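> Sequence first, predicted coordinates after that:
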Amino acid sequence: MRKWILWALVMVIVFLSLGPFLWFVDTSFKTEVEVTAIPPVICPSGSVGFYVSSIKNYRLLSYVKNSAIVATLTTLITILLSLFAGYSVARLGLPKRELFMKALLVVSMFPQISIAGPVWRILYRLGWLNTYQGLVIPYVTLTLPLGVWVVASFFKQLPEDLEDAAIIDGCSRLGALFRIMVPLSAPGVFTAAILVFIYAWNEFFFALLIMTRQDVQTLPVGIAMFQGQYTLPWGEIAAASTVATVPLVLLVFVFQRRIISGLSAGAIKG
């Protein structure tokens with residue numbers, strides 16, 4: 001009996017979590033008449049008109065391109081810096097290492113609104129507003145603590161004998177990092193990369209603050225700016241939201257084993 005109750009609760013939670021997304025996907029394949037129909041139409045006609053309209057009339061592909069560029073650059077820079085920082089924390093015996101890690105965690109918890117003003121002024125003085133680097137740099141700052149924590153926790157679990165053997169054989173510290181540590185910590189590095197990419201793809205606040213020109217806006221901001229002549233274009237918004245969400249869903253489904261193994265290994269071994 002308890003098993004059935006547990007399964008029922010799980011199904012309710014899954015339905016409440018996926019319900020809004022599935023409704024938007026369903027709406028994206030409707031026609032204008034079906035969107036406004038009362039009672040609501042559950043089974044759409046399969047029209048792709050809203051997708052075509054969001055591309056032609058609302059610059060959807062431009063928003064996708066901007067989000068892809070920003071998220072990819074953020075992920076690459078964050079992971080590269082996390083590798084060096086994580087290795088330093090795990091292997092080089094930094095003084096006050098635990099204090100440094102705690103401070104890093106505290107900094108990552110600052111609300112975005114508390115640093116929005118200084119960030120905007122710095123970017124304004126640098127002339128980086130409405131530029132990719134102007135958005136990537138704040139994203140790297142915000143995601144770096146997560147990357148360092150995940151990568152360092154995996155580096156700490158690897159035996160130091162492996163590095164010592166590589167160094168004795170003539171490998172440098174840098175070579176040991178990329179030839180020994182990174183391959184053996186691939187699940188953790190990959191997990192950090194996926195989480196950073198998802199954050200950069202979905203982030204809204206700084207993208208809205210920094211990217212005010214339409215040609216450089218990312219997907220979350222671009223979708224929020226969809227406007228109709230008299231009402232909100234719900235069909236186009238549903239189509240664009242589906243385009244924004246499906247790649248992340250597929251990414252998680254394809255790599256779910258590596259993500260779960262990376263997160264669980266860090267939690268169990270750390």
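In hand now; what should we look at?
> Going by C-alpha atoms from here, please, whenever you check contacts or count neighbours.
Will do.
> where does the stretch 1-150 of the chain dip in pLDDT?
The stretch 1-150 of the chain contains residues with pLDDT under 70 at 1.
> Show me what the helix or strand containing residue 67 is packed up against.
Assessed by DSSP states H and E, residue 67 sits inside helix 60-91. Using 3 or more CA pairs under 8 Å, 6 or more residues apart in numbering; DSSP states H and E, the elements in contact with helix 60-91 are helix 132-157, helix 186-202, helix 219-224.
> let's see 10 Å
Under the contact definition 3 or more CA pairs under 10 Å, 6 or more residues apart in numbering; DSSP states H and E, helix 60-91 sits against helix 49-58, helix 97-108, helix 132-157, helix 173-176, helix 186-202, helix 219-224, helix 234-254.
> Just send the ones you listed back as JSON lines, with distance to residue 40 too.
What follows is the helices and strands packed on helix 60-91, written out as JSON lines (distance: least, CA to CA, whole Å):
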{"stretch": "helix 49-58", "distance to residue 40": "17"}
{"stretch": "helix 97-108", "distance to residue 40": "43"}
{"stretch": "helix 132-157", "distance to residue 40": "40"}
{"stretch": "helix 173-176", "distance to residue 40": "61"}
{"stretch": "helix 186-202", "distance to residue 40": "29"}
{"stretch": "helix 219-224", "distance to residue 40": "23"}
{"stretch": "helix 234-254", "distance to residue 40": "14"}
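> For residue 246, give its distance to residue 124.
Using CA to CA, to the nearest Å, one gets 34 Å for the distance from residue 246 to residue 124.
> Name the nearest residue to residue 146, sequence neighbours excluded.
Among residues not flanking residue 146 along the chain, residue 192 sits closest, at 7.2 Å (CA to CA, 6 or more residues apart in numbering).
> my guess is residue 241 contacts residue 28, does it?
Yes - here residue 241 reaches residue 28: they are 8.8 Å apart, a contact under CA atoms under 10 Å.
> In contact with residue 8, which residues?
2, 14 (CA atoms under 10 Å, 6 or more residues apart in numbering).
> rerun at 6 Å
Not one residue lies near residue 8 by CA atoms under 6 Å, 6 or more residues apart in numbering.
> Just the CA coordinates for stretch 51-58, please, in PDB.
Provided in PDB are the C-alpha atoms of stretch 51-58 (Å, rounded to 0.1, in the frame of the first residue of the first chain):
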ATOM      1  CA  TYR A  51       7.500  28.400 -35.200                       C
ATOM      2  CA  VAL A  52       7.600  30.000 -38.600                       C
ATOM      3  CA  SER A  53       6.200  33.200 -37.200                       C
ATOM      4  CA  SER A  54       8.600  33.300 -34.300                       C
ATOM      5  CA  ILE A  55      11.500  33.000 -36.700                       C
ATOM      6  CA  LYS A  56      10.300  35.500 -39.300                       C
ATOM      7  CA  ASN A  57       8.600  38.100 -37.100                       C
ATOM      8  CA  TYR A  58      10.400  37.800 -33.700                       C
END
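> Can you point out the buried residues in that stretch?
Buried positions in stretch 51-58, judged by neighbour count with 16 or more other CA atoms under 10 Å: 51, 53-55, 58.
> Those into JSON lines, with extra columns for distance to residue 65?
Converted to JSON lines, the buried residues of stretch 51-58 look like this (distance: CA to CA, whole Å):
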{"residue": "51", "distance to residue 65": "16"}
{"residue": "53", "distance to residue 65": "17"}
{"residue": "54", "distance to residue 65": "14"}
{"residue": "55", "distance to residue 65": "12"}
{"residue": "58", "distance to residue 65": "14"}
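> In these, find the pair that's most separated.
Greatest spatial distance in those: 51 and 58, 10.0 Å, computed using CA to CA.
> Next, count neighbours for residue 34.
18 (other CA atoms under 10 Å).
> let me redo that: residue 177
18.
> do the same with residue 116
Neighbours of residue 116 (other CA under 10 Å): 15.
> same question, residue 27
Residue 27 has 28 nearby residues by other CA under 10 Å.
> related to what we said a few turns ago, select, out of the helices and strands packed on helix 60-91, the one closest to residue 36.
With respect to residue 36, and counting by CA to CA, the nearest of the helices and strands packed on helix 60-91 is helix 234-254 at 9.6 Å.
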